[in-house]
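A.B. asks: Pasted the sequence and its predicted model underneath.
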Amino acid sequence: MTSPDDRSDPTQEPAIRDEILRLRSSIDNVDGALVYLLAERFKFTQRVGELKAQGGVVPADPLRERLQIERLTTIALEAGLDPAFAEKFREFIVSEVIRHHERIAAEHGRAGVLDTYS
Ligand SMILES: C=C(O[C@@H]1C=C(C(=O)O)C=C[C@H]1O)C(=O)O
């Protein structure tokens, strides 16, 4: 099977080129897995957002986030990943989730107003 990276030929030296292309194929697999995992994570957080809106719970949960940071810092250190990078990545995703939850809460609020007057 060809990978999109086969079109980008990094060098004429066959041994080096072949290893880079093999590595890129594995990188493509990891990137694909990350996208699938993120899609699954957003499905779960979407449902949490709906439940929070129903239950009148605010979107952000700083205590839960502190526990996530502690846990992910430990895992990053064990895995040999820079924990500062792991935290930047977590924060990037969670801030997007909170934006989604704010939107769900606003929509829920509007639906509530419509219910009241319908
Ligand atoms: C998903 C939640 O809402 C927010 C998003 C979080 C996340 O994406 O992991 C964690 C805590 C909250 O700030 C939650 O409370 O579990």
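C.D. replies: That came through, no problem.

A.B. asks: what number of residues lie near residue 65?
C.D. replies: The burial count assigned to residue 65 is 14, neighbours taken as other C-beta atoms under 10 Å. Any C-beta I mention is one placed from the backbone N, CA and C, and that applies to glycine too.

A.B. asks: Please read the previous query as pertaining to residue 53.
C.D. replies: The burial count assigned to residue 53 is 21, neighbours taken as other C-beta under 10 Å.

A.B. asks: Which of the helices or strands spans it?
C.D. replies: For residue 53, the element it lies in under DSSP states H and E is helix 14-55.

A.B. asks: other SSEs contacting that helix?
C.D. replies: helix 83-117 (3 or more C-beta pairs under 8 Å, 6 or more residues apart in numbering; DSSP states H and E).

A.B. asks: Return the residues of the protein in contact with the ligand.
C.D. replies: If contact is defined as C-beta under 6 Å from any ligand atom, the residues of the chain in contact with the ligand are 45, 48, 60, 61, 64, 65, 94, 97, 98, 101.

A.B. asks: picking that back up, tell me the mean pLDDT over the helix holding residue 53?
C.D. replies: This predicted structure assigns helix 14-55 an average pLDDT of 97.

A.B. asks: With stretch 111-118 instead?
C.D. replies: Confidence for stretch 111-118, expressed as mean pLDDT, is 53.

A.B. asks: out of the residues of the chain next to the ligand, which is most surrounded?
C.D. replies: Using other C-beta under 10 Å as the neighbour test, the residues of the chain next to the ligand are led by residue 101, with 22 neighbours.

A.B. asks: Confirm for me that it is in contact with residue 54.
C.D. replies: No - because the distance of 12.0 Å does not satisfy C-beta atoms under 8 Å, residue 101 is recorded as not touching residue 54.

A.B. asks: how about the nearest residue to residue 85, chain neighbours excluded?
C.D. replies: Leaving aside its sequence neighbours, residue 85 sits nearest to residue 76 (C-beta to C-beta, 6 or more residues apart in numbering; 7.5 Å).
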